[in-house]
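# Quick one: sequence and predicted model below, then my questions.
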Amino acid sequence: MARVAARLSANGEQSTHPVDEVLPLPKLALYGFQHVLAFYAGAVIVPIIVGNALKLSPEQLVYLINADLFTCGIASIIQAWGIGRVGARLPLIQGVTFTAVSPMIAIGLGAGGGTAALLVIYGAVITAGIATFAFAWLPAKAFRTVMRLFPPVVTGTVITVLGIVLIPVGLNDAAGGLGSPDFGDPKNFAYAGGTMLFILILMKIGKPFLSSISILLGLVGGTAVAFLLGDAKFGDVGDSGWIGVTTPFHFGAPKFEWFPIVLMLIVMLITMVETTGDTYAVGEIVEKDIDSETVARALRADGAATALGGVLNSFPYVAFAENVGLVRMTKVKSRFVVVAAGVFMIILGLLPKAAAIVAAVPHGVLGGAATVMFGMVALAGIQTLGKVDLKEEKNALIVGVSLAFALLPATVPVFFTKHMDPDLSSLLNSGVTLGATAAIVLNLIFNGLAKDKAPAPLAPVGLPVQAAAAPAGAEKAPVTTEKAAVTTEKATVTTENAPAAPERAPAGGDKADKADKADEAGTPAG
């Protein structure tokens, strides 16, 4: 436990809390609940979108939301508290990754929708979680080799593809939800537009924390207006119980099919890059050195949480970049604040009535909020691509061709539905799968493996937290790029007051030689 001392910063303000400090209970509760608010909309919107796409009943959707929140709480506690060599022991909130939304919908629809589809999804999620957990125990040299498959040109392209593919999902909800009798009704677009406008106003005029919960407030405000106009129905809230416990394999035994498993493994490769970047980012914020063992522990927590998610009727988990931004913004660095947030999420996951309220959000309102979120995902990918020299024709080709592949399933769906084997279609009928695979393969062809160095933190994927956009380690880093200066002589991009993350483990830096020697001796990473 770190010694607690009152210190003053250069501007005379009291210093922030050390990462290992246990705050008084009232502060733990307050700061923990603040994390829940910033995280909540992103946490619940994934099961809602997937559940709606698979045509689950309201009762099943409520259960899915409860299971997600319950597992989020457990996963966050594992990551922040740490169990042995699992968990980074950093203030990292775990949430369902947006990367998995489109692939899970593709898997589910290929399996026929409904709860039968969930069983196939859960089989893939459990397998991918176990594989991720096992991968994080590899020696550092092998670990770094895999990470070198994902330089910024690949990760930026994949995240951009993810946002582009998800935007139509949000727009379909904005229209009323595919298959609904009032699909395309202008009233639905009015709710979506009003919700979107409210969110944008909050982001424009609100203070940083208010901006960070703008999606949540937009969902609340839009639903309130719909309720007053008679378009939000809360009848299922009265029918739901006060207490409900998530049980393993509630919908039945998982089904393990090869193609969905391969697709989910691709998803987890992408999330590993995201978690690695988030770990370095939060390490800079809390002023704690990040080595290969810390990253490996974070990824083990991801894998364990994902496998647990499949068992407890939820989905793949990743460190949430939104809450990394909140840590930087509030300067509250204690990891036990995230533990408190995990406790709050577990409690929320035991309250079916709370989940029923969330499930009653009208499609138009949900679509308006989701479209903003998914647009921000695409923007995060574009920000990551800003680190890439796109004047190089080979990099431009990687991005352009990958985007073209990603749009194929949405543009020519008949090719996958009528002219392809159903099992193969369940794997390839996904823009994320095709776009990510194309980016990885084309990068290997044109650039080979990336240089052996630690990855820079990725742009945050998900909720628009203003402070999250600043690179780690920059206490006063501007959100915009107006002050960016390009140093062409050394072919590096720098940002005023915003130094890039130091090159440490898992790859390269001062410890690379030591790690390689440890690998040769058979010593685990770190």
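Looks like it arrived, so ask away.

# Wait, Ile73 touches Val343, no?
Heads up, residue 73 is Gly, not Ile. Yes - proximity of Gly73 to Val343 meets the contact threshold set by C-beta atoms under 8 Å, at 6.6 Å. (C-beta placed from N, C-alpha, C; glycine too.)

# who has more neighbours, those two?
With neighbours defined as other C-beta atoms under 10 Å, Gly73 and Val343 compare such that Gly73 has more, 25 against 17.

# what's the helix or strand for the more buried one?
Take DSSP states H and E as the rule and Gly73 turns out to sit in helix 58-81.

# on contacts alone, who are the packing partners of that helix?
Contacts defined by 3 or more C-beta pairs under 8 Å, 6 or more residues apart in numbering; DSSP states H and E place helix 58-81 against helix 25-53, strand 94-96, helix 235-239, helix 292-311, strand 317-319, helix 335-348, helix 352-359.

# can we see that at 6 Å?
With contacts taken as 3 or more C-beta pairs under 6 Å, 6 or more residues apart in numbering; DSSP states H and E, helix 58-81 sits against helix 25-53, strand 94-96, helix 292-311, helix 335-348, helix 352-359.

# Just want the angle from the first one to helix 335-348.
When you say that, I think you mean helix 25-53. Relative orientation of helix 25-53 and helix 335-348, computed by axes from the mean of the first three to the mean of the last three C-alpha atoms, to 10 degrees: 50 degrees.

# returning to what we had before: can you list the buried residues in the helix holding Gly73?
58, 60-81 (16 or more other C-beta atoms under 10 Å).

# measure the spatially most central residue of the chain to Asp68 for me?
Residue closest to the average C-alpha location in the chain (C-alpha atoms, centre = their mean): Thr97, at 3.7 Å. According to C-beta to C-beta, to the nearest Å, Thr97 and Asp68 sit 12 Å apart.

# show me where this protein has strands.
94-96, 317-319, 484-487, 492-495 (DSSP state E).

# Pairing partners for the second one, with directions?
Each strand paired with strand 317-319, and its direction, by DSSP bridges: strand 94-96 (antiparallel).

# still on that earlier bit, now the helices and strands packed on helix 58-81 in a markdown table, with distance to Pro186 and mean pLDDT?
Output for the helices and strands packed on helix 58-81, formatted as a markdown table (distance: least, C-beta to C-beta, whole Å; pLDDT from 0 to 100):
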| stretch | distance to Pro186 | mean pLDDT |
| --- | --- | --- |
| helix 25-53 | 20 | 82 |
| strand 94-96 | 32 | 89 |
| helix 292-311 | 38 | 92 |
| helix 335-348 | 35 | 91 |
| helix 352-359 | 24 | 81 |
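
# Could you measure from the closest residue to Thr417 other than its chain neighbours over to Ala111?
Here the nearest residue to Thr417 in space, its sequence neighbours aside, is Ser425; by C-beta to C-beta, 6 or more residues apart in numbering that works out to 6.7 Å. To Ala111, Ser425 is 11 Å away according to C-beta to C-beta.

# Likewise for Leu64?
16 Å.

# Next: Leu326.
37 Å.

# For Asp289, grab the count of nearby residues.
10.

# Next: Lys418.
8.

# Kindly report the same for Gly241.
Neighbours of Gly241 (other C-beta under 10 Å): 10.

# give me the low-pLDDT residue ranges for the protein?
The chain contains residues with pLDDT under 70 at 1-17, 206, 236, 321-323, 325, 329, 423, 426-427, 450-526.

# Apply 50 and report the result again.
Scanning the chain for pLDDT under 50 picks out 1-17, 454, 456-526.

# Looking at Leu326 and Ala111, which has the bigger crowd around it?
For Leu326 versus Ala111, the count of surrounding residues by other C-beta under 10 Å is larger for Leu326: 28 against 20.

# Now stretch 68-80 - C-alpha only, PDB.
Extracted C-alpha coordinates of stretch 68-80, given in PDB (Å, rounded to 0.1, in the frame of the first residue of the first chain):
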ATOM      1  CA  ASP A  68     -23.800  -7.800 -18.800                       C
ATOM      2  CA  LEU A  69     -23.700  -5.300 -15.800                       C
ATOM      3  CA  PHE A  70     -23.100  -8.100 -13.300                       C
ATOM      4  CA  THR A  71     -20.200  -9.500 -15.300                       C
ATOM      5  CA  CYS A  72     -18.800  -6.000 -16.000                       C
ATOM      6  CA  GLY A  73     -18.600  -5.500 -12.200                       C
ATOM      7  CA  ILE A  74     -16.700  -8.800 -11.600                       C
ATOM      8  CA  ALA A  75     -14.400  -8.100 -14.600                       C
ATOM      9  CA  SER A  76     -13.600  -4.600 -13.400                       C
ATOM     10  CA  ILE A  77     -12.800  -5.800  -9.900                       C
ATOM     11  CA  ILE A  78     -10.500  -8.500 -11.300                       C
ATOM     12  CA  GLN A  79      -8.700  -5.900 -13.400                       C
ATOM     13  CA  ALA A  80      -8.300  -3.200 -10.700                       C
END
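
# What's the separation between Val332 and Lys387?
29 Å.

# Please state the offset of stretch 432-446 from the chain centre?
21 Å (C-alpha atoms, centre = their mean, to the nearest Å).
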